[in-house]
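*Asks:* Pasting a predicted model and its sequence here:
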Amino acid sequence: MLWLQRSRISWLKEGDRNTKFFHSKAVWRAKKNRISRLRASDGTIHNTATTMEKLATDYFKEIYKADPNLDQASVSQLFQKKVTAAMNENLCKEFTDEEIADALFQIGPLKAPGPDGFPVRFYQRNWATIKSDVVAAVKEFFHSGIMPEGANETAIVLIPKIDQPVELKDFRPISLCNVLYKIVSKCLVNRLRSILDELISVNQSAFVPGRLITDNALLAFECFHFIQKNKHQNKAACAYKLDLLKAYDSVDWVFLEQAMYKLGFAH
């Protein structure tokens, strides 16, 4: 299973008919994703592990920092209360054993494991044995708001966006979380899914069930087509391209909490 995860080849498609194929695929991916050198902000190239580790740490610390110039109070006033008392009552209900089990089995069994090394498949195959402990841990988190020690530790993997990147902006950080953390997250997602359509503007076409990210791509194409074909001087039009690079990485968690309160989520 370890080599299957490393190779990223579908088990249903390839099975175990050719382990040499899986091995070579995994080795190829490892070579392709290996970071052999990085460019610092001053333009110098470094290839020692210690220096590259420091460059990466400093880089991500910088982009994950909150914006000190953001006036959170003013921006949060833009949010309107949309979460009703009935919605909050449903959201705040105690999670049942069935909901927690459903959350676990909705996670792909071969997803890369977190720092503890246990894949989702281990939990799914041994659910009868570990069910009571996992359910108790998840319910305790929702009661106390405190994760068990080590449960929220995360391994961050840098996935190259281009071939042979040397700048950290050309890597996509992917967090590999422990399974208990994934179960908690999935439980929350399942509860929120039913009201997302009422909370999120129709202009947001991604990450909402029933909406497609391609809808906005088609809309943008139609807008540019209109601008290109427009011949009327009194109906001139222009387009702005806004750079939302690292938009999710730079979210201030305190501001996000304030925004949720403004939307009407229960404290």
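*Replies:* That came through, no problem. Numbers count the residues shown, from 1 in each chain.

*Asks:* drop to CA atoms for contacts and neighbour counts, all remaining ones
*Replies:* OK.

*Asks:* and L199, how far is that from S185?
*Replies:* According to CA to CA, to the nearest Å, L199 stands 19 Å off from S185.

*Asks:* Likewise for L212?
*Replies:* Distance check for L212 against S185: by CA to CA, it reads 22 Å.

*Asks:* swap in A136?
*Replies:* The value you get for A136 to S185, if CA to CA is used, is 16 Å.

*Asks:* Tell me the first helix or strand C-terminal of the helix or strand where V189 lies.
*Replies:* Counting by DSSP states H and E, the element that carries V189 is helix 179-193. Sequence order places helix 196-199 as the next helix or strand after helix 179-193, per DSSP H and E.

*Asks:* Run through who's touching that next one.
*Replies:* Outside of helix 196-199, the residues within contact range by CA atoms under 8 Å, 6 or more residues apart in numbering are 82-83, 208-209.

*Asks:* how about the helices in the stretch 51-200 of the chain?
*Replies:* Counting by DSSP state H, counting those that start in this stretch, residue ranges of the helices within the stretch 51-200 of the chain are 72-76, 85-91, 97-105, 120-125, 127-144, 179-193, 196-199.

*Asks:* residues of the first one that come out buried?
*Replies:* It refers to helix 72-76. Counting neighbours by 16 or more other CA atoms under 10 Å, one finds that the buried residues in helix 72-76 are 72, 76.

*Asks:* Also the fifth one?
*Replies:* Of the residues in helix 127-144, those scored as buried under the neighbour-count criterion (16+ other CA under 10 Å) are 127, 131, 134-135, 137-139.

*Asks:* Could you dump these into a markdown table and include distance to L176?
*Replies:* Shown next, in a markdown table, are those (distance: CA to CA, whole Å):
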| residue | distance to L176 |
| --- | --- |
| W127 | 21 |
| K131 | 22 |
| V134 | 19 |
| V135 | 21 |
| A137 | 20 |
| V138 | 19 |
| K139 | 22 |
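
*Asks:* Of the residues you listed, which is the nearest to E222?
*Replies:* Distance from E222 was checked for each of the buried residues of helix 127-144 by CA to CA. The minimum falls on V138, at 47.0 Å.

*Asks:* For the stretch 151-267 of the chain, which residues score under the pLDDT cut-off?
*Replies:* For the stretch 151-267 of the chain, applying pLDDT under 70 flags the ranges 243-251.

*Asks:* one step back: adding distance to D58, write the helices of the stretch 51-200 of the chain out as TSV.
*Replies:* What follows is those, written out as TSV (distance: least, CA to CA, whole Å):
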stretch	distance to D58
helix 72-76	25
helix 85-91	38
helix 97-105	35
helix 120-125	32
helix 127-144	31
helix 179-193	26
helix 196-199	35
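
*Asks:* which of the ones you listed has the lowest average pLDDT?
*Replies:* Across the helices of the stretch 51-200 of the chain, helix 72-76 has the smallest mean pLDDT, namely a mean of 76.

*Asks:* Alpha carbons only: can I get that one in CSV?
*Replies:* Coordinates of the C-alpha atoms in helix 72-76 are reproduced here as CSV (Å, rounded to 0.1, in the frame of the first residue of the first chain):
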residue,chain,number,x,y,z
GLN,A,72,-10.9,44.2,10.8
ALA,A,73,-13.7,46.1,12.5
SER,A,74,-14.5,48.1,9.3
VAL,A,75,-14.4,45.1,7.0
SER,A,76,-16.5,42.9,9.3
